[in-house]
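[1] A predicted structure for the sequence below; I have some questions about it.
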Amino acid sequence: MLMRHLRLIKRFAAVSIQNELAYSANAWISLLHSVLNLGTGVLGVMVLFSQVETIHGWDLPSTLALLGVYLILSALRGLFIGPSLESLAGMDGEVWTGQFDFTLLRPVDVQFLASFRHWRPFALLDLLLGLGVLGMAMAQLGGTMTAACLLAFAVTLGAGLMILYALLLAFAGLVFWSPGFLFTWVFDGLFQMARYPASLYPGWLRLVLTWIIPVGVMTTVPAQALTGDLSPGVLVGSVALAAAFLAGASAIFRGGLRRYASASS
Amino acid sequence: MNGTHIVVRDLSKTYRVPEREPGLAASLKGLVRRDYRDVEAVRGVSFTVEAGEIVGFIGPNGAGKTSTLKMLSGLLYPTAGESRVLGHVPWERRPGYLRRISMILGNKSQMVWDIPPLDTFHVLGEIYGVDPADLQRTLDELVELLEMQELLTKPVRNFSLGERMKCELVAGLLHRPDVLFLDEPTLGLDVSMQGRLRRFLAEYNQRNDVTVILTSHYMADVLALCPRVILIHHGQLLYDGDLGGLAERLAPFKLIRVTLRNGSPDGIPEGVDVIERENGRLTLRVGRAEAPALTAHLLDTLPVADLAVEDPPIEAVIDQIYQEGVA
Amino acid sequence: MSGRDLNLRGGWALVRRTWFSWMQHRGFFFLLAFSWMMPMLIYLFVWSQAAGGGAGGGAGGTIGGLTRSDLVTYYLVLILVNQLAFCTNNWTVGDGIRYGRMNFLLLRPMSPVYDALASEVAGKVVFMTFALPVTGVLALILRPELNVAWRDVGLFVPALALAWMLRFVWGYWLALLAFWATRADALLSLQESLIFLLAGQVAPPTLLPAPMQALATVLPFRYMLGFPVEVLLGQLDGAQLRAGFAFQTGWLAVAAALFVALWWAGTRRYTAVGG
């Protein structure tokens, strides 16, 4: 069963790559986008810290590290989660055009199809750039990198990715209730907040960003794991939060499917 | 594969549609409380289909044909009633069931746009779990039958509508379904392509014993392909049987087309409908029973150059039903 | 422009009709307004925390002479100015040219510019319906102090008007490149990044590090967005004000020249090729 799904993913990725390569201009535009994205992100942080030394305990290297985590997450999202869910719920998405019926006819779980169907290989470049920023920031921070730190980082990054997926899945699922509205764009706006450490936002917003739309957990917690500021409680908490959000998002999505099958004409 | 493939009993579908009245006051009220209207799209439809049959669903727009088809393919939950297709309940959407059916939608495409169709076929083969050797065999057979060898390696975005429909057919059949649902498959195609499509479906059905349910606006499709039709109007099943019988039961009259040698047509008895009158050519409508007598009378009393007695065209019968309902 | 009449009655009808269709899709436009607002909100929070400093985040320090309250005010006004000065014509006109819709417009007894203007007016109303309440609520929550001199308001109005005109004409000449190039993604991408960095979003222009500040002073982007805000909040001295207005009008002239040149060349090419 797992083998079958992995084979399917391989196929989907191959078709997506072919699709991207159909227009050669895509490659250069993608490259430009990636570089500009990186440049504005880094420069933004540098402008901020050209005026102050630290903000709530975060300095230039540690904030750049967080930016690196953000870029990595953003790249992973752009690799398959984003494109797949956008083809379902985004502008001219399947649910809007009615092509979703074909997806429903397949003998494969719809949530799986909706999550893994389209791949954007150029996002791998963003991933590399993000890793680069992270690496440089870590080098500047100095200190020792223990295996425990790396493990904690991997776990919390995984949890962050789960939460990202869950949120996007939930927002995409809302399209079954209101097909015209681009709910995923709402997420895009909120996701921007993950560029900066959660403690940089005022108290009430920090709460929202931790528990309701946990963009704060996505990037801040893994960055803290790398700098060694992470408490075990927070680590466990982030994993638990990820599991909860995943369950909730799945429920919303499946509820949406049921509604679609009751209401569409 | 034989036996009964499709069983439908008292199937019903009612939609709750929000009421939307124009005007500012109504839309303000709509913010607070939404009014709903029940639309009965399908009302207690029942029928069975045996393996290998080709059945045509006909009926005007909004009659409930597409809703019925969607319920049978598992895309829609019914409001009431039951159905079993190939032994499965369609809306449970079991993979085992979905693998054995296929649906082709006339105005929507399942092909990936910028790549050659062969690549889409391979993805679909993987999705349906078709053994690669079998897939190749099926593809070869279909490609030959549809004469589309050169299309396989060109990107779909450059194809004409007819070429795209060929791809849709392959995509829909490469997993060798036992039941095929077709929703308006000839929509937008030119006449010769429509003909090719019908011939293909007829031949494929013969070779592979696939059960086919087809909805179409074009009577020519139904006439060419469907020995059996089901007429659905206002959500209800009005007729289930062969096409000829439909004309007979619903329109018990005949058309007499007369061409006269010299212009003026008088001497036609009272009470006979003249439907058309053009340049010495008349079309008369008369009850079945009276047709022979009238024919003889016309031949005796008028300078007839040519005369033909016909069944009314199915389109006319159907049109009349669409407008007036069934007596 | 050519000698065609500007049919005023037709123009207003166009504005009304465009407005109705925009109001119907207001969910979409609110979403757009939200997306544009987000980066500036983030920097509002980030900078105000940076200025606040310390654990309590009280009325503490300043950054480059700006207090926390100044920064909050700056960004709230920036959001509104962005909404007011924002122009979509580099997309809509560009698309119009690419998809051959210009034929229709060139035939109507109103110039395509008027059409773009109609969209502008309609869009502003719808976007502001979203932006004003949101900034209002934020102002109530964050309670910045507002010290605005009347003189500054007097200068703010022309600065804002010039900013809008500059954005409009600049966006239009960029869109006219569609007569020659099938895709403008790269150029627009680059411009978006420059606007983000230099126009006053990442930071008020006065807080930018020296080399970037120099670029910001010379390039047109600051005069499309940040400059009117700085004028209103009295952040600039006399010399800076004069220089600013000079640059603003200068760039407007440059944009207008580019617009005229490209329009002339473009319509010739467009009609020659057959549309």
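    Right, received. Where do you want to start?

[2] State the distance from the spatially closest residue to residue B:260 that is not a sequence neighbour to chain C.
    In space, and not counting its chain neighbours, residue B:260 is closest to residue B:280: 4.5 Å by Cβ to Cβ, 6 or more residues apart in numbering or on different chains. For glycine as for every other residue, the C-beta is placed from the backbone atoms N, C-alpha and C. To chain C, residue B:280 is 49 Å away according to Cβ to the nearest Cβ, to the nearest Å.

[3] Repeat that for residue A:184.
    Applying Cβ to the nearest Cβ to residue A:184 and chain C gives a distance of 10 Å.

[4] okay but that residue is in contact with residue A:90, surely?
    Yes: using Cβ atoms under 8 Å, residue A:184 is in contact with residue A:90, at 5.7 Å.

[5] I'd like the distance between the nearest residue to residue C:65 once chain neighbours are set aside and chain A.
    Computed as Cβ to Cβ, 6+ apart, the closest residue to residue C:65 that is not its neighbour in sequence is residue C:206, at 7.6 Å. For residue C:206, the distance to chain A (Cβ to the nearest Cβ) stands at 10 Å.

[6] pLDDT below threshold where in the stretch 51-200 of chain B?
    By pLDDT under 70, the stretch 51-200 of chain B has no low-scoring segment.

[7] Which positions in it make contact with chain A?
    Proximity of the stretch 51-200 of chain B to chain A (Cβ under 8 Å from any Cβ of the partner chain) is limited to residues B:66-67, B:70, B:73-77, B:91, B:93, B:95-99, B:101-103, B:105, B:108-110, B:112-115, B:119-120, B:122-123, B:126-129, B:155.

[8] and residue C:153, what element?
    Counting by DSSP states H and E, the element that carries residue C:153 is helix C:150-176.

[9] cool, and residue B:14?
    Assigned by DSSP H and E, residue B:14 falls in strand B:4-18.

[10] How many neighbouring residues does residue 110 have?
    You didn't pick a chain, so chain A it is. When neighbours are defined as other Cβ atoms under 10 Å in any protein chain shown, residue A:110 has 18 of them.

[11] Sorry, I should have been clearer: chain B.
    Residue B:110: 19 surrounding residues under other Cβ under 10 Å.

[12] again with the one 10 residues further on
    Applying other Cβ under 10 Å, we find 21 residues neighbouring residue B:120.

[13] Kindly report the same for residue B:5.
    With other Cβ under 10 Å as criterion, residue B:5 counts 23.

[14] I figured it hits residue B:47, correct?
    No: the criterion here is Cβ under 8 Å, and residue B:5 misses it with residue B:47 at 11.7 Å.

[15] I'd assumed residue B:109 was in contact with residue B:120.
    No: applying Cβ under 8 Å, one finds residue B:120 not in contact with residue B:109, separated by 9.8 Å.

[16] sorry, back to before: tell me, what's touching residue A:184 and residue A:90 both at once?
    Shared contacts of residue A:184 and residue A:90, defined by Cβ atoms under 8 Å, 6 or more residues apart in numbering or on different chains, are absent.

[17] Compare the two (neighbour count), which wins?
    Each of residue A:184 and residue A:90 has its neighbours counted (other Cβ under 10 Å); residue A:184 has more, 22 against 19.

[18] Who are the contact partners of the more buried one?
    Here residue A:184 is in contact with A:85, A:86, A:89, A:90, A:168, A:171, A:172 (Cβ under 8 Å, 6+ apart).

[19] List the buried residues of stretch B:36-54.
    Neighbour-count burial for stretch B:36-54 flags B:41, B:42, B:43, B:45, B:47, B:49, B:51, B:52, B:53, B:54 (criterion: 16 or more other Cβ atoms under 10 Å in any protein chain shown).

[20] And for residue 123, the neighbour number?
    Picking chain A for this. Count around residue A:123 with other Cβ under 10 Å applied: 21.

[21] that's the other chain; I wanted chain C
    The local packing of residue C:123 (other Cβ under 10 Å) involves 22 other residues.

[22] do you know how far it is from residue C:81?
    Using Cβ to Cβ, to the nearest Å, we find residue C:123 at a distance of 15 Å from residue C:81.

[23] residue ranges of the strands in the stretch 1-150 of chain C, please?
    C:62-63, C:66-67 (DSSP state E, counting those that start in this stretch).

[24] got a list of contacts for stretch B:281-292?
    Outside stretch B:281-292, the residues that touch it by Cβ under 8 Å, 6+ apart are B:252-260, B:265, B:268, B:272-277, B:294, B:309, B:312.

[25] gap between the two ends of it?
    Separation of the first and last residues of stretch B:281-292 by Cα to Cα, to the nearest Å is 19 Å.

[26] Which residue, other than its chain neighbours, is closest to residue 214?
    Using chain A here. Excluding its sequence neighbours, the residue lying closest to residue A:214 (Cβ to Cβ, 6+ apart) is residue A:163, at 5.2 Å.

[27] right idea, wrong chain: chain B
    Nearest to residue B:214 is residue B:182, by Cβ to Cβ, 6+ apart, at 4.5 Å.
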